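Undergrad: return a 3D structure for these sequence lines:
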Amino acid sequence: MLSRIRDRVFNQTFDIFEIGSFRRLWSSAVLFSMGQWLDRTIVGWLVLDMTGSAFLTGLVWAVRFCPNLLFGPVMGVISDRYPRGRTLSINAGVRAIAMLITGMLFFVGQESLLALLILALIGGTSTTLQMAVLQPLAAEVVGDSRLSNGVTITSLGQRAVGALGALLGGVLLATISPAWIFVFAALPLLASAGVFLTISPNFSREMKVSSFLSDMLEGLDVIRGRRAVLALLVLMAFTEMFGFSFNGFLPVVAEDLLQIGPEGLGLLTSATAVGGFFGVLGLTLYRGAIRRGLLLLGIIASFGVLEIVLGLSNNLGISWVLLACLGAMGALVDSLQWILLQTAVPSDMRGRVMGWWNVAIGCGWIGTIILGIIADTYGIQTSLSMAGAILLLVAFSGLTISSQVRRI
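TA: Residues are numbered from 1 along each chain as shown. All right, here's what the predicted structure looks like:
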C-alpha cells in the first residue's frame, strides 16, 4: 500500500518531463548551472590565491550580487516584455564570451584582481537576468497548475549539476592552468544558449505595449499593495545578507579552519550543492500540512544554527555535513520564496516580482562586507557565529511580528 502511494506521488511529480518544452527548459537550465558553478568555485579561490585576503574574497561575492540590487527591477520588466527563451539564450551567450575573454587574459599572462572582479560583475548581472526570467518561463511552459513542480524540478536539476561543477572546479584548479578552466566553463554556457532558443511556451501571455518605466512602477505598486509579498522580500534580504553570504567565505573556511587546498574547496562547495539537491527533492515530494510560510521561518532559523556550528568546526567531515545541511536550507529558502511569490501575484507580473526578489538578494553584499571585515579582524569563526545569531533573530521576528507570512 505504502509502495503504491509512493509510486503514485513520484509519478505525479515527475510526469512533467512528458512536456517536450519543459525537457528543453530543464536541460538548458542545467547546462547554464554547470557553467555558473564552475565560475563560482574557481574565481573565489583565484582571488584568495592572488591576495590572501578574506575581505577581498568576500568582496567577489559582494560584487556578484550588486547587479541584483542595481538592476533587479529592470530585469523583471525585461522578463515580462520580451520573449523569455530568446532572452535567456542571449544571456548565456554573453556570459560564455566573458569567460572566454578572461581565459584569454590568463593565457597571455595579463590576469589581475580587476579582471576577476569584472568577471564576477558580469556573472552577477547574468544571474540576475536568468533568475528573473527562468521561473516565469517555467510557468509559461507547464501552466499554473504545475507551477510548483516546474519550479522545484528545475531547481533540482540545477542543484544536482552544481555538485558536479563544484567538484570539477576544485579538481581543475589543482591540475590545469586557470586559463583552460575558463574555457571549459564557457562550453556548457554556449550549449545552454543554443537549447534556450528552441523553447516554445505552451501557455501564451500578452506582450506589453506600455512604456518600460510604467511597467517598472506598476510592479512596485503591486508589491507595495500586497503585504505578504513585501514581508517575503524583507525576509529574503536579511537571509541573503547573513545566511547565503557564507558561500563567499568558503575559500577562507578551507584555508584557515580546515587547512585544505583547492581540491578541498571543491569538496566543500560540492557539499552545498549536494545538500541543495536533497533539500529541493524533499520539497518536491513534500505533501505535509505545515503552512509554507511557517516552514520558511523554521528553515531560516535552522540556517542560523548551522552557521554557528560551522564556525566551531575544524574537522573536514563534520564541516562537509554542515555545509550540505546549509545547502539544503539555502535551496529550500530559494524554492519556497519562488513558489510563494509566483503564486501571490498575477501571471503578467511574475517577471517583475522576481525582479524585486533579485533586489532583495542584492542586499547580500551588505552582509558580505560586514562579515568580511569581522573575519579579517576577529576571525572567520566569530564572523559565522554573528551571522547565525542574526538569522535566528530574523526568524523569531518573522514569527512574532509578520502575521502575513505565518498565514501563507
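Undergrad: low-confidence ranges, this protein, go.
TA: The chain contains residues with pLDDT under 70 at 1-13, 163, 202-210, 263, 286-290, 401-408.
Undergrad: tell me the SS of the residue nearest the centre of it?
TA: By C-alpha atoms, centre = their mean, the chain has its centre lying nearest to Asp334, at 7.2 Å. Three-state call for Asp334 (DSSP: H, G, I helix; E, B strand; the rest coil): helix.
Undergrad: give me the distance between it and Leu59.
TA: Relative to Leu59, Asp334 is positioned 23 Å away (C-beta to C-beta, to the nearest Å). To be clear about C-beta, it is placed using only N, CA and C from the backbone, and glycine gets the same treatment.
Undergrad: got it, and Asn91?
TA: 24 Å.
Undergrad: and if you look at Gly219?
TA: Distance, Gly219 to Leu59, by C-beta to C-beta: 30 Å.
Undergrad: related to what we said a few turns ago, ok, Asn91 and Leu59, which is more surrounded?
TA: Asn91 (25 against 21; other C-beta atoms under 10 Å).
Undergrad: now the more buried one. Nearest residue, chain neighbours left out?
TA: Leu129 (5.0 Å; C-beta to C-beta, 6 or more residues apart in numbering).
Undergrad: and Ser200, by the same measure?
TA: In space, Ser200 is closest to Ser21, 5.6 Å off (C-beta to C-beta, 6+ apart).
Undergrad: so where do the helices sit in the stretch 1-150 of the chain?
TA: For the stretch 1-150 of the chain, the helices defined by DSSP state H, counting those that start in this stretch cover 2-14, 20-51, 54-81, 84-107, 113-142, 147-175.
Undergrad: er, the stretch 151-300 of the chain actually
TA: Counting by DSSP H, counting those that start in this stretch, the helices of the stretch 151-300 of the chain are 178-196, 212-224, 227-242, 250-252, 262-285, 292-312.
Undergrad: between the last one and helix 227-242, how many degrees?
TA: Orientation check (axes from the mean of the first three to the mean of the last three C-alpha atoms, to 10 degrees): helix 292-312 against helix 227-242 gives 10 degrees.
Undergrad: for the longest one, same thing?
TA: Relative orientation of helix 262-285 and helix 227-242, computed by the same axes, to 10 degrees: 160 degrees.
Undergrad: gap between helix 262-285 and the chain center?
TA: For helix 262-285, the gap between its own C-alpha mean and the chain's C-alpha mean amounts to 12 Å (C-alpha atoms, centre = their mean, to the nearest Å).
Undergrad: that helix - contacts with which helices or strands?
TA: Applying 3 or more C-beta pairs under 8 Å, 6 or more residues apart in numbering; DSSP states H and E, one finds that helix 262-285 contacts helix 2-14, helix 20-51, helix 147-175, helix 250-252, helix 316-344.
Undergrad: most packed of those helices?
TA: Compared across these, helix 250-252 shows the largest average neighbour count, a mean of 25 (mean count of other C-beta atoms under 10 Å).
Undergrad: what about the residue nearest to Thr152 when sequence neighbours are not counted, how many neighbours?
TA: Nearest non-adjacent residue to Thr152, counting by C-beta to C-beta, 6+ apart: Thr284, 4.2 Å away. By other C-beta under 10 Å, the residues close to Thr284 number 19.
Undergrad: could you check how far Thr284 is from Ser155?
TA: Remark: distance between Thr284 and Ser155 (C-beta to C-beta) = 9 Å.
Undergrad: Gly372: which of the helices of the stretch 151-300 of the chain is closest?
TA: helix 250-252 (8.9 Å; C-beta to C-beta).
Undergrad: quick one: list the elements packing against the closest one.
TA: Counting contacts by 3+ C-beta pairs under 8 Å, 6+ apart, helix 250-252 is packed against helix 20-51, helix 54-81, helix 262-285.
Undergrad: can I get those in JSON lines with distance to Thr87?
TA: Shown next, in JSON lines, are the helices and strands packed on helix 250-252 (distance: least, C-beta to C-beta, whole Å):
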{"stretch": "helix 20-51", "distance to Thr87": "12"}
{"stretch": "helix 54-81", "distance to Thr87": "6"}
{"stretch": "helix 262-285", "distance to Thr87": "24"}
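Undergrad: can you tell me which of the ones you listed is nearest to Ser214?
TA: Proximity to Ser214 (C-beta to C-beta) singles out helix 54-81 among these, at 9.5 Å.
Undergrad: quick one, that closest one and helix 84-107 angle?
TA: Angle of helix 54-81 versus helix 84-107, following the same axes, to 10 degrees, is 150 degrees.
Undergrad: thanks again, I'm all set now.
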